[in-house]
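Colleague: Would you be able to build a 3D model of this:
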Amino acid sequence: MTRITTLIPAYKPDYLGEMFLGLRRQSFRDFRVILSDDSPGGVITDMVRDGRFGPLASELNLTVVRGPGNARRNHQHLIDQWAGSGPAAQGLVHFMLDDDVVFPAFYKSHVEAHAGGQYALSVSPRWLSQGDSRPGWTLPLPAFVTQSPLRAVPVNPKQLFASVVPGCENWLGELSNMVWSAEGIRHYPKPPAAGLSYYGLLDISAVLEAGRTMPLVFVRDHLSVFRQHAEQTTRTVHSHGHRVTMLVWAACALHAWKEKRINDAEAAKAIGITVQRCLKLYGEQDEVMNGFYTLVQHEGTSLARLHDAFTAYWLALLASHPSTAAETYRPAAERQADAVAA
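Modeller: A predicted model of the protein is given here:
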């Protein structure tokens, strides 16, 4: 039987009861849970320890660890916890975000999908909702999915990149509605120290990195709810992290173009969409974004020149904040060894 490790990068306590209940009601029971607590003052750890969630937490084979104090780094922290956990690190991995809900058949359906082939990950469509978690609407899917006679539709690298990168369109969703194979999760991207990669978004960047060489499978059942509310980190528009999530589409387009996964016209389309979205959200009063606009204006007639100029700009931007700096993600032993050698 396949074992799943559920990784919860926890920050907000408001919806944890519903999230735990969704896990407790899974018809597939062979899973364990690691929760990394990034909440202010460790309030979530206290809630679990004090029995705030009744018997739910104790029934979930739950381990609580201290988080690193940053949402991006918390995801890598959880992967490191999983990777160091022995035989369980060979199973499937599910990131369960602390404000989402999965339905009872979620794990069963994803395990069945993985049994059908060697996939980097399985994805199922999610319902979107407001704060009450009631299904309200969903996102459109590409024709090769909707027109397929299959319930579990394999998606090859060519289909993945063509349907995501040129239109800057994440139709796949986010981490809560994805279950990763052990091989797939090992491609989860860290910030680059040199050159471009698909790093930048916690979900679609990981899918693109893993999907470069392995297919994924799309399960055509709505098995979860993605809750939208004012507390989401994506609402903090003028943060470093949000700028990165806006600009990453340009990084993905230029990197995919360099890897010959999309053509010139498709790369130019993606760059144009990125500029339009940034202008709409930030205008011309944001210094970071103005640097991006200037690059496109000066180098945009040549994708090769734009690729080189944007690479330098992007690496400097990532290195400017510890949550996205490549140095932050290096193992502590390596950093200490370099410090001693210096």
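
Colleague: make it CA atoms for all contacts and neighbour counts henceforth
Modeller: OK.

Colleague: Residue ranges in the protein under the pLDDT threshold?
Modeller: Along the chain, the parts satisfying pLDDT under 70 run over 1-2, 229-236, 332-342.

Colleague: mind running it again at 90?
Modeller: 1-2, 54-58, 84-90, 116-117, 130-136, 139, 227-238, 330-342 (pLDDT under 90).

Colleague: got the residue ranges for the strands in it?
Modeller: Secondary structure of the chain (DSSP state E): strands at 4-10, 31-37, 62-66, 92-95, 101-102, 121-123, 127-129, 152-155, 178-180, 216-219, 224-227.

Colleague: Throw those strands into TSV and include mean neighbour count and distance to Ala267, thanks.
Modeller: Formatted as TSV, the strands of the chain follow (neighbours: other Cα atoms under 10 Å; distance: least, Cα to Cα, whole Å):
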stretch	mean neighbour count	distance to Ala267
strand 4-10	24	33
strand 31-37	22	37
strand 62-66	15	41
strand 92-95	24	30
strand 101-102	27	35
strand 121-123	27	26
strand 127-129	20	29
strand 152-155	20	21
strand 178-180	27	27
strand 216-219	24	23
strand 224-227	24	30
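
Colleague: Present the ones you listed as TSV; the columns should include distance to Glu112.
Modeller: Listed next are those as TSV, based on distance: least, Cα to Cα, whole Å:
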stretch	distance to Glu112
strand 4-10	13
strand 31-37	15
strand 62-66	24
strand 92-95	12
strand 101-102	16
strand 121-123	10
strand 127-129	21
strand 152-155	9
strand 178-180	11
strand 216-219	10
strand 224-227	16
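
Colleague: can you tell which of these is closest to Ala319?
Modeller: strand 4-10 (23.0 Å; Cα to Cα).

Colleague: who does the closest one pair up with?
Modeller: Using DSSP bridges, strand 4-10 pairs in its sheet with strand 31-37 (parallel), strand 92-95 (parallel).

Colleague: re earlier: the strands of the chain: which one's closest to Ala270?
Modeller: strand 152-155 (21.0 Å).

Colleague: Show me the contact partners of that closest one.
Modeller: Ala113, Val145, Pro215, Leu216, Val217, Phe218, Val219, Arg220 (Cα atoms under 8 Å, 6 or more residues apart in numbering).

Colleague: tally of neighbours for the first one?
Modeller: This points to Ala113. Other residues near Ala113 come to 24 when the count uses other Cα atoms under 10 Å.

Colleague: same question, the third one
Modeller: When counting by other Cα under 10 Å, one arrives at 22 neighbours for Pro215.

Colleague: so it touches Gln159, yeah?
Modeller: No - the criterion here is Cα atoms under 8 Å, and Pro215 misses it with Gln159 at 9.4 Å.

Colleague: re the thing from before, quick one: which of the strands paired with strand 4-10 is nearest Met47?
Modeller: Short answer: strand 31-37, nearest of those by Cα to Cα, at 10.9 Å.

Colleague: quick one, that closest one and strand 62-66 angle?
Modeller: If you take axes from the mean of the first three to the mean of the last three Cα atoms, to 10 degrees, strand 31-37 sits at 20 degrees to strand 62-66.

Colleague: can you map out the helices along the stretch 151-300 of the chain?
Modeller: Counting by DSSP state H, counting those that start in this stretch, the stretch 151-300 of the chain has helices at residues 157-164, 182-185, 204-210, 240-258, 264-282, 287-299.

Colleague: do the stretch 1-150 of the chain as well
Modeller: Going by DSSP H, counting those that start in this stretch, the stretch 1-150 of the chain shows helices at 16-24, 43-49, 71-83, 106-114, 143-146.

Colleague: Next, give me the two most distant ones among the contacts of strand 152-155.
Modeller: Pro215 and Arg220 (16.0 Å).

Colleague: ok so, going back, any chance of the helices of the stretch 151-300 of the chain in a markdown table, with mean neighbour count and distance to Thr5 too?
Modeller: Below are the helices of the stretch 151-300 of the chain laid out as a markdown table (neighbours: other Cα under 10 Å; distance: least, Cα to Cα, whole Å):
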| stretch | mean neighbour count | distance to Thr5 |
| --- | --- | --- |
| helix 157-164 | 17 | 26 |
| helix 182-185 | 21 | 10 |
| helix 204-210 | 23 | 18 |
| helix 240-258 | 22 | 27 |
| helix 264-282 | 17 | 35 |
| helix 287-299 | 15 | 38 |
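
Colleague: Columns distance to Arg32 on top of the ones you listed, output as a markdown table?
Modeller: Below are the helices of the stretch 151-300 of the chain laid out as a markdown table (distance: least, Cα to Cα, whole Å):
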| stretch | distance to Arg32 |
| --- | --- |
| helix 157-164 | 30 |
| helix 182-185 | 15 |
| helix 204-210 | 22 |
| helix 240-258 | 30 |
| helix 264-282 | 39 |
| helix 287-299 | 42 |
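
Colleague: so which of those gets nearest Arg73?
Modeller: Of all the helices of the stretch 151-300 of the chain, helix 240-258 sits nearest to Arg73, with 11.6 Å by Cα to Cα.

Colleague: just the angle between the closest one and helix 71-83, please?
Modeller: 70 degrees.

Colleague: How is this structure partitioned into domains?
Modeller: 4-234, 236-327 (automatic domain parsing).

Colleague: Chain neighbours aside, what residue packs nearest to Val164?
Modeller: Leaving out its chain neighbours, the residue that sits closest to Val164 by Cα to Cα, 6 or more residues apart in numbering is Asn170, at 5.9 Å.
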